[in-house]
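Undergrad: Pasting the sequence and the predicted coordinates here, then a few questions.
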Amino acid sequence: MKRRNFLKYGLSAISLPVLIQGQALGLIPDNAVLKALTSGNKTRKLILIHLKGGNDGLNMFTPLDQYINLRKARPNIIIPQEELIRLTDVLGMHPAMNSFKRLYDLKQALIIQNVSYPSPSLSHFQSQTIVNNASSTELNWNSGWLGRYFQNASPDFPTDFPNTEDAHPLAITIGTQDSPISQGDTANYSISMTDTSNNFQQTIQQTQVEEDSPYNHELRFITEAMRVADAYLDPIQEAASKGGNQSPLYPEDPKNQLAKQLALVARLIDGGLETPIYVLSLDGFDTHSNQVASESSTTQGHHASLLRYLADGILAFQDDLNRMGLEENVIGMVYSEFGRRIASNENLGTDHGTAYPAILFGQPINPTVLGHNPTIPEEVDPFMNLDMQFDFRSIYASIFQQWFQLPEATTQQIMGDDFPILPILKTAEGSTFFYENPVKVTAYPIPTAEYLNLKIETKNPQLRISLFNPMGQFVKTLFDQEVEGNLLELQFSVKGLPAGHYILRVQSGDDLVSKKLIITD
């Protein structure tokens, strides 16, 4: 075996591609640590859908209460207000997502507004790494947020896997590439193999290297991993043969690959596969140009097609689960590495931004809109971004604790910090949670040239007040100390700061409030 090929197989994740209904599967092996995910209820599943490229949340969900300002900021791509689907009195939705409106009306969808992380990166690579690893621009995890379950738990893996307790794979990535969320500190526990020939195992076994050489240890691992991957094919193929899709809503459009992926997942679940995590993706959201068909046809175009694929696929999948009687066992999350800027560009598109709306779907999901509409100022410069309201890691932590019922201490260990838990599920009685930020902030005058006055209502003594530029980059810390009392009145000098737009970020414990700030000469 050539060294370059050996390294490709030995250092990447190992995936044994399997074709079921024309879909390629990459396998992520099971691990004892992840029993925490299924110890309470082995039937619970999580579907992850990554919108790759950075989704334009303002084109997906449009703030009706700030439509005039948004139309001014993106006149060449804005959807006419009368064409928008009205979700609430203040929130509209792209007309291509009519299928999602049906899901929303069935109370099986949750929208989480303004999702991001502090000091966000606008780089695809860095931001995808941060989202996959549940890290940040300051904290660089070398492992995925699910991969941290694998490490140190089964040091002898893949020896003795699968076994009676771990007969099914823990996670399945639909596609030919593994997901980085399974990366551990020292190894990627997923398996990625671009060679689909049947003689790869034989090629490994016939390779002659010295007994005690590093290559021999690597080859042993690969050979054992191939054995495990091959063993996991049996329960997958058995589930695929036993299961069957029942929904007539799956679209016939051959371009909607996401719907095909979701149909396969539904079939595997219906067939009895115990795998709790499925990783899917929809590519094409890096819409720097031609996001819409034309200035006179903004409801059509590339982004509209992607949103239609997403909405149609999710509705059909959920309908399938309902007909199978499995709707209480599955939830899904739709996320992206970042959003897009407020203003459009001259190429009928949008550039890399920060905050975006995340979606959770499923019968157990709290059916509401979590958070407020994005703030669109009257004057928007080309580099201005949306403020963050919810850290994406709060969603991960909420899934761990509420859906998979992990202990708080375990969740904190995995996430590396204590993130606020969001009300993503319905209560046992079927009532709905509503999130209300306990921190209240009033800032005045805006705009200001000399002083900024703040009135802050909080119950947490830890208070940090910072300034960021519209790109989300840190500028200055105004205040960082413990305070006494629940109602504070503070004044800060802004003399010496360049005139322009800023983001004022007030953090009290785990709660965060952002405000637009304009400094004048």
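TA: Cool, the structure landed. Residues are numbered from 1 along each chain as shown.

Undergrad: ok, W145 - contacts?
TA: Contact partners of W145, counting by CB atoms under 8 Å, 6 or more residues apart in numbering, are N132, N133, A134, I181, Y396, I414, M415. To be clear about C-beta, it is placed using only N, CA and C from the backbone, and glycine gets the same treatment.

Undergrad: Just to check, Q81 is in contact with M93?
TA: No. Using CB atoms under 8 Å, Q81 is not in contact with M93, being 12.0 Å away.

Undergrad: The two: who's more crowded?
TA: Taking other CB atoms under 10 Å, Q81 and M93 do not tie; M93 has more neighbours (23 against 14).

Undergrad: does that one have beta-bridge partners, and which?
TA: Going by DSSP bridges, M93 is paired in beta bridges with F61, I85.

Undergrad: just L370 next, same as before
TA: In this entry, L370 is beta-bridged to I112, by DSSP bridges.

Undergrad: At the geometric centre of this protein, which residue sits there?
TA: Nearest to the mean C-alpha position of the chain, by CA atoms, centre = their mean, lies Y335 at 3.1 Å.

Undergrad: roughly how far apart are that residue and A397?
TA: 14 Å (CB to CB, to the nearest Å).

Undergrad: Equivalent analysis for L233, please.
TA: Here the distance between L233 and A397 works out to 33 Å (CB to CB).

Undergrad: Also S289?
TA: Taking CB to CB, one finds S289 at 37 Å from A397.

Undergrad: Compare these two (neighbour count), which wins?
TA: Per other CB under 10 Å, whichever of S289 and A397 has more neighbours is A397, with 25 against 13.

Undergrad: is it true that that one lies in a helix?
TA: Yes. With DSSP: H, G, I helix; E, B strand; the rest coil as the criterion, A397 is part of a helix.

Undergrad: so what are the domain limits for the chain?
TA: 45-415, 439-519 (the TED database).

Undergrad: most packed of those domains?
TA: Highest mean neighbour count among these (mean count of other CB atoms under 10 Å): domain 45-415, with a mean of 19.

Undergrad: Run through the strands of the stretch 151-300 of the chain in chain order.
TA: Secondary structure of the stretch 151-300 of the chain (DSSP state E, counting those that start in this stretch): strands at 171-174, 277-283.

Undergrad: Quickly run through the sheet partners of the first one, with directions.
TA: By that I understand strand 171-174. With DSSP bridges as the test, strand 171-174 pairs up with strand 23-28 (antiparallel), strand 277-283 (parallel).

Undergrad: Pull the distance from that strand to the chain's centre.
TA: 15 Å (CA atoms, centre = their mean, to the nearest Å).

Undergrad: tell me the SS of F317?
TA: Quick answer, by three-state DSSP: F317 is helix.

Undergrad: That one: what's its closest spatial neighbour, skipping adjacent residues?
TA: Excluding its sequence neighbours, the residue lying closest to F317 (CB to CB, 6 or more residues apart in numbering) is L262, at 4.0 Å.

Undergrad: Now do the contacts for that neighbour.
TA: So L262 contacts I47, L280, G313, I314, A316, F317 (CB under 8 Å, 6+ apart).

Undergrad: Which one of the strands of the stretch 151-300 of the chain has the poorest average confidence?
TA: If the strands of the stretch 151-300 of the chain are sorted by mean pLDDT, strand 171-174 sits at the bottom with a mean of 81.

Undergrad: Export that one to CSV, keeping only CA atoms.
TA: Provided in CSV are the C-alpha atoms of strand 171-174 (Å, rounded to 0.1, in the frame of the first residue of the first chain):
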residue,chain,number,x,y,z
ALA,A,171,-24.6,7.4,14.6
ILE,A,172,-25.1,7.3,10.9
THR,A,173,-23.9,10.0,8.5
ILE,A,174,-25.9,10.0,5.3
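
Undergrad: picking that back up, and the residue nearest to the centre of the chain, what element?
TA: When secondary structure is defined by DSSP states H and E, Y335 falls within strand 330-336.

Undergrad: Report all helices and strands that the helix or strand just after that strand contacts.
TA: Remark: after strand 330-336, the chain's next helix or strand is strand 356-361, criterion DSSP H and E. Contacts defined by 3 or more CB pairs under 8 Å, 6 or more residues apart in numbering; DSSP states H and E place strand 356-361 against helix 57-60, strand 109-116, strand 330-336, helix 392-398.

Undergrad: For strand 356-361, give me every contacting residue.
TA: 54-55, 57, 60-61, 103, 108-116, 314, 318, 331-336, 338-340, 392, 395, 424.

Undergrad: Let me see the contact set for G284.
TA: Neighbours of G284 in contact, by CB under 8 Å, 6+ apart: K52, G53, H302, L306.

Undergrad: if you set the cut-off to 6 Å instead, what comes out?
TA: G284 makes contacts with L306, as judged by CB atoms under 6 Å, 6 or more residues apart in numbering.

Undergrad: How about K101?
TA: Going by CB under 6 Å, 6+ apart, K101 touches I85.

Undergrad: sec struct for it, please.
TA: Looking at K101 with three-state DSSP, the answer is helix.

Undergrad: would you turn the contacts of W145 into CSV with pLDDT, secondary structure and distance to I174?
TA: Output for those, formatted as CSV (pLDDT from 0 to 100; DSSP: H, G, I helix; E, B strand; the rest coil; distance: CB to CB, whole Å):
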residue, pLDDT, secondary structure, distance to I174
N132, 91, helix, 16
N133, 91, helix, 21
A134, 91, coil, 21
I181, 82, helix, 14
Y396, 95, helix, 20
I414, 85, helix, 24
M415, 88, helix, 25
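
Undergrad: Turn the residues you listed into JSON lines, columns for distance to L467.
TA: Formatted as JSON lines, those follow (distance: CB to CB, whole Å):
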{"residue": "N132", "distance to L467": "29"}
{"residue": "N133", "distance to L467": "27"}
{"residue": "A134", "distance to L467": "26"}
{"residue": "I181", "distance to L467": "33"}
{"residue": "Y396", "distance to L467": "28"}
{"residue": "I414", "distance to L467": "32"}
{"residue": "M415", "distance to L467": "27"}
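
Undergrad: for these, which one is nearest F285?
TA: N132 (16.0 Å; CB to CB).

Undergrad: So the closest one sits against P180, correct?
TA: Yes. Between N132 and P180 there is a contact under CB atoms under 6 Å: 4.2 Å.

Undergrad: shared neighbours of those two, which are they?
TA: Shared contacts of N132 and P180 (CB under 6 Å, 6+ apart): G144.

Undergrad: Tell me which stretches of the stretch 1-150 of the chain form helices.
TA: For the stretch 1-150 of the chain, the helices defined by DSSP state H, counting those that start in this stretch cover 3-11, 35-38, 57-60, 67-73, 98-105, 124-133, 147-150.

Undergrad: pLDDT on stretch 112-121, on average?
TA: Averaged over stretch 112-121, pLDDT sits at 94.

Undergrad: what does stretch 312-330 contact?
TA: Contacts for stretch 312-330 (CB under 6 Å, 6+ apart): 43-45, 99, 102-103, 108, 245-247, 249-251, 258-259, 262, 266, 270, 361-363.
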